[in-house]
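The following block contains a protein sequence and its predicted model.
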Amino acid sequence: MITKITKSMFLNEWPESRKDQFSHEALCALFEYYDELFEDLGEEIEYDPIAICCEWAEYESALEAAREYEPKGWQSMTEEDGNESALNYLRDRTQLIELEEGVLIQQF
């Protein structure tokens, strides 16, 4: 049996134990990502919040995310100088969703 998950279902059924992992904005962006992926693939996608939590990470900035994956190359850069370079670095390596306040990346 298959149920199409709506945005409100996605947000309301998010596990209580994982509520602090993503901001509301990030959860909305993740729903949109998977909804578009479903449309593009034409295949069903299982709603698995634990897998989503393992696959994705939210950061306050692209530079913060880049520093986690390659600390030496990004430590001396400021947010002002390095954020655009960090966005490009991440785009070349993984799925990136830009948020109003930060980024989501598919962990690599």
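Great, that's in hand.

When you work out contacts or count neighbours from here on, use the C-alpha atoms and nothing else.
OK.

ranges for the strands of this structure?
Listed in chain order, the strands of the chain (DSSP state E) span 56-59, 96-99, 102-106.

which stretches of this protein aren't confidently modelled?
For the chain, applying pLDDT under 70 flags the ranges 1.

mind checking which of the strands of the chain is nearest Pro15?
Pro15 sits nearest to strand 56-59 of all the strands of the chain, at 15.4 Å, using CA to CA.

Stretch 49-66: how far from the chain's middle?
With CA atoms, centre = their mean, to the nearest Å as the basis, stretch 49-66 stands 5 Å off its chain's centre.

go on, stretch 10-18?
Distance of stretch 10-18 from the chain centroid (CA atoms, centre = their mean) equals 16 Å.

Give me the buried stretch members for stretch 63-73, please.
Buried residues in stretch 63-73, counted by 16 or more other CA atoms under 10 Å: Leu63, Glu64, Ala65, Ala66, Arg67.

what comes up buried for stretch 34-47?
Asp35.

Please report how far the nearest residue to Phe10 once chain neighbours are set aside lies from Ile5.
Spatial nearest neighbour of Phe10, excluding adjacent residues (CA to CA, 6 or more residues apart in numbering): Phe31 at 6.9 Å. Phe31 sits at a distance of 9 Å from Ile5 (criterion: CA to CA, to the nearest Å).

ok, these two, which is more surrounded?
Phe31 (17 against 14; other CA atoms under 10 Å).

can you pull out the helices in this structure?
When secondary structure is read from DSSP state H, the chain shows helices at 7-12, 24-41, 49-55, 62-69, 71-74, 79-93.

out of those, nearest to Leu99?
Using CA to CA, these put helix 24-41 closest to Leu99, at 7.0 Å.

helices and strands around the closest one, which ones?
Helix 24-41 sits against helix 7-12, strand 96-99, with contacts defined as 3 or more CA pairs under 8 Å, 6 or more residues apart in numbering; DSSP states H and E.
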